[in-house]
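Undergrad: Sequence first, predicted model second:
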Amino acid sequence: MLQVDRVTKTYGGRTALSEVSFGVGEGRITGFVGANGAGKTTAMRIILGVLSADSGMVSLGGSALTASDRRIFGYMPEERGLYPKMKVGEQISYFGRLHGMTARDASASTASLLERLDLAARSNDTVDSLSLGNQQRAQIAAALVHKPEVLVLDEPFSGLDPLGVDSVLTVLRDAASDGAPVLFSSHQLDLVERLCDDLVIIANGEIRASGSRGQLQQEYGRDRYELDVDGDLGWLREAPGVTVIDFDGGHALFETADAAVAQSVLKRAVADGAVQRFGPRHPSLAQIFREVIQ
Amino acid sequence: MSTTAPTFLQSTLLVSNREITVRLRSKAFLISTGILLLAVLASIVIGSIVSANAEPAKIAVQRSVINALPDLPQFARTDVDTRAEAEKLVRSGAVEAAIVSNSSVSKLGITVIARDSPPAAVVAAVSVTPDVVVLEPSKQNPLLIYIVSLGFGIVFFLSAVTFGSTIAQSVVEEKATRVVEILMSAIPVRTLLAGKVLGNSILAFGQIALIAILSGVGLLVTGQSALLGALGPSISWFIVFFAFGFVLLAALFAAAASLVSRQEDMASVTSPVTTLVMVPYLLVILFNDNPIVLGIMSYVPFSAPVGMPMRIFLGTAQWWEPLLSLAILLVSTAFVIVIGARIYENAVLRMGGRVKLREALAR
């Protein structure tokens, strides 16, 4: 378990993080979402030790992280970059060696990683001769070459084409199924929704919500129901205890605090004619996010 | 994972190794080093050719005055019978000067004839010289002093600026391409700085040593071993001083460069350091005969790599002076590394505009 505990960071009077605490469980993919400037990158840099916190601590498995613990971390910074004039293979294996691999292990790991990422043929080309998509893949390889046991990825999907997105998704799922805690930030809420087990929502340097996706949906979901019928649902507007949110002839989205009211609505609809669909509707991540950061 | 955490030394060596490899693969670097070495070699060879081919100047002497003249072994003499004959040889350029008899005009009874300007060497040879006593003879010939000071000055300046801007470029490159954040997540920032300084210092030191060896071998091969004997100790000290002095400059260049995020802004932050490097170069050329300036230069850390070897060459330094100056240099280098590392650590992640020095120094 990677645990961030009451971490505070200020930049010349401006508070970037205030008492930030959250955990990333083993084998869990945790999405870290927040608006620009909310503090995601600062928090990730502090986890990696690239920045130091003013107070608070980061621990792994219960003990405070040291610099040598962090070599088992794989990190992809938001600001992408590799040495433009260095050959791809050489560069990836250099990063492996900086993390403590032997020369032989580093080049073996580089070779298999480039193979997996479809970059093996470009191993001897310089980074600046690669297409943008391939540079992104090389960047992923640089984060993974030392076979990290914890992954921290800042906006891993930004700038990726759909194929690139898929290969990063595979990488994250593989890492999590091997038991690694995986933390990634993203603006693309639909991707986060597809991928993550847990969520941490940050705004203005404060954690606004965190927990598993299901928990959050329950906590923040209003009791909304969706109903599709062949006839007309005009009567729903007058039904007691029901607020109609969206309405279009035979389709309605309504809210009610009482489950019994929802059931009585369904009975009336069935009595009126054919019901195509009825069920509770979970709030999307985007909805929760908007609600939480207000 | 089966790896063990790399030690400070291992990571430093990895970084320095990369710096060196990248540089040694750069064609521009190899070509410019080749040109520099060729220039050193050429100056030694040309110097030796010029001094070896200094054939005795030719003069013509009228037979009737030969016995009245002192021995003139430094000149190649052509004997002529008449003044007209002598003048003809001078005009044609076959001889540089002629000495003919002239009992009416000169006390010495001779006239020296030249084509376009008075021939100083010939005039001196046939003149009466008063007794001269030099109280404190200079150990070295002034022209040689000038050439040697120019040599130390240029080599110091060129190497310091070349490798100083290399390290500055490498710092800004990592910042501009953002690769620095990945590096920082793998190794401590100080290791990164240490590796850069070490790698570039080894390159600079290697280039200086190569120049020194080439000069030594060149002087030996061209039979100028006396000059080598005179230069040897000061060249050796120059290498030692340069090795540590460059580390100091490299730390300054790295710290200055870490303040900016783009190659275009680099010159503006490194120019104060470049000026520091230029000062000893100018001073040693202008004041190589001024013992006070040289004395101060030989103890100020920036200029000691040039000042102290110069004084050793002139023979004005006591045996303990280079050691004391080296100690001062070592202490200031350590101090500058600590300050430089702090600036570097604080500034290297700040992207965008130029980081203010005051902010970079703050804890």
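TA: Yep, it's here. Numbering: from 1, shown residues only, chains lettered A, B, ... in the order given.
Undergrad: What parts of the stretch 101-250 of chain B come near chain A?
TA: B:173-174, B:177-188 (CB under 8 Å from any CB of the partner chain). The way it works is simple: take the backbone N, C-alpha and C, and place the C-beta from them, glycine included.
Undergrad: Tell me how far B:Thr7 lies from chain A.
TA: 10 Å (CB to the nearest CB, to the nearest Å).
Undergrad: Who are the packing partners of the helix or strand hosting A:Thr42?
TA: Counting by DSSP states H and E, the element that carries A:Thr42 is helix A:40-48. Other elements packing on helix A:40-48 under the criterion 3 or more CB pairs under 8 Å, 6 or more residues apart in numbering or on different chains; DSSP states H and E are strand A:2-11, strand A:14-24, strand A:29-33, strand A:73-76, strand A:150-153, strand A:182-185, helix B:179-186.
Undergrad: Extract the CA atoms of the second one and return them as PDB.
TA: The C-alpha atoms that make up strand A:14-24 are tabulated as PDB, following Å, rounded to 0.1, in the frame of the first residue of the first chain:
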ATOM      1  CA  ARG A  14       0.600  29.800  -2.300                       C
ATOM      2  CA  THR A  15      -0.600  26.500  -1.000                       C
ATOM      3  CA  ALA A  16      -0.300  23.800  -3.600                       C
ATOM      4  CA  LEU A  17      -1.200  20.900  -1.400                       C
ATOM      5  CA  SER A  18      -2.900  21.100   2.000                       C
ATOM      6  CA  GLU A  19      -2.900  18.100   4.300                       C
ATOM      7  CA  VAL A  20      -3.300  15.700   1.400                       C
ATOM      8  CA  SER A  21      -3.900  12.100   2.400                       C
ATOM      9  CA  PHE A  22      -4.800   9.100   0.200                       C
ATOM     10  CA  GLY A  23      -3.800   5.600  -0.400                       C
ATOM     11  CA  VAL A  24      -3.100   3.400  -3.400                       C
END
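Undergrad: what comes into contact with the one helix or strand B:Ile296 maps to?
TA: Secondary structure assignment for B:Ile296, by DSSP H and E: helix B:291-297. Under the criterion CB atoms under 8 Å, 6 or more residues apart in numbering or on different chains, residues B:280, B:283-284, B:287-288, B:303-304, B:306-307, B:310-311, B:314, B:316 lie in contact with helix B:291-297.
Undergrad: mind redoing it with 6 Å?
TA: Applying CB atoms under 6 Å, 6 or more residues apart in numbering or on different chains, the external contacts of helix B:291-297 come out as B:283, B:287, B:303, B:307, B:310-311.
Undergrad: Closest to chain A out of the residues you listed?
TA: B:Ser303 (35.2 Å; CB to the nearest CB).
Undergrad: Spatially nearest residue to the closest one, not counting backbone neighbours?
TA: Among residues not flanking B:Ser303 along the chain, B:Pro280 sits closest, at 3.4 Å (CB to CB, 6 or more residues apart in numbering or on different chains).
Undergrad: neighbours of B:Ser104, just the number please.
TA: 7 (other CB atoms under 10 Å in any protein chain shown).
Undergrad: My reading is that it is in a helix; is that accurate?
TA: No. According to DSSP: H, G, I helix; E, B strand; the rest coil, the state of B:Ser104 is coil, so it is not within a helix.
Undergrad: In what element of secondary structure is residue 252 found?
TA: Unless you meant another one, I'm taking chain A. strand A:251-255.
Undergrad: was after chain B, sorry
TA: Per DSSP H and E: helix B:225-257 holds B:Leu252.
Undergrad: B:Val336 too?
TA: Counting by DSSP H and E, B:Val336 is found in helix B:321-347.
Undergrad: now the angle between helix B:225-257 and that helix, please.
TA: 20 degrees (axes from the mean of the first three to the mean of the last three CA atoms, to 10 degrees).
Undergrad: Which elements pack onto helix B:321-347?
TA: Contacts defined by 3 or more CB pairs under 6 Å, 6 or more residues apart in numbering or on different chains; DSSP states H and E place helix B:321-347 against helix B:189-221, helix B:225-257, helix B:304-314, helix B:357-361.
Undergrad: need the residues of chain A near chain B, please.
TA: Contact residues, chain A versus chain B (CB under 6 Å from any CB of the partner chain): A:48, A:50, A:68, A:71-72, A:75, A:77, A:79, A:81-83, A:97-101, A:147.
Undergrad: and with 8 Å instead?
TA: So chain A meets chain B at A:12, A:45, A:48-51, A:67-68, A:70-73, A:75, A:77, A:79-86, A:94-95, A:97-102, A:105, A:142-143, A:146-147, A:149 (CB under 8 Å from any CB).
Undergrad: Okay, domains of chain A per the record?
TA: Using automatic domain parsing, the domain ranges for chain A come out as A:2-217, A:221-293.
Undergrad: need the strands for chain A, in chain order.
TA: A:2-11, A:14-24, A:29-33, A:55-60, A:63-64, A:73-76, A:150-153, A:182-185, A:198-203, A:206-212, A:224-229, A:243-248, A:251-255, A:275-280 (DSSP state E).
Undergrad: Any chance of those in a markdown table with mean neighbour count and mean pLDDT as columns?
TA: Putting the strands of chain A into a markdown table (neighbours: other CB atoms under 10 Å in any protein chain shown; pLDDT from 0 to 100) gives the following:
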| stretch | mean neighbour count | mean pLDDT |
| --- | --- | --- |
| strand A:2-11 | 18 | 91 |
| strand A:14-24 | 18 | 91 |
| strand A:29-33 | 26 | 93 |
| strand A:55-60 | 16 | 92 |
| strand A:63-64 | 10 | 87 |
| strand A:73-76 | 24 | 90 |
| strand A:150-153 | 25 | 92 |
| strand A:182-185 | 27 | 92 |
| strand A:198-203 | 23 | 92 |
| strand A:206-212 | 18 | 90 |
| strand A:224-229 | 19 | 88 |
| strand A:243-248 | 12 | 86 |
| strand A:251-255 | 18 | 88 |
| strand A:275-280 | 12 | 88 |
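Undergrad: So B:Ile167, which state does it fall into?
TA: Once three-state DSSP is applied, B:Ile167 turns out helix.
Undergrad: contacting residues for the residue of the stretch 51-200 of chain A found nearest chain B?
TA: Taking CB to the nearest CB, chain B has its nearest neighbour within the stretch 51-200 of chain A at A:Gly81, 3.3 Å off. The contact partners of A:Gly81, taken as CB under 8 Å, 6+ apart, are A:139, B:177-182.
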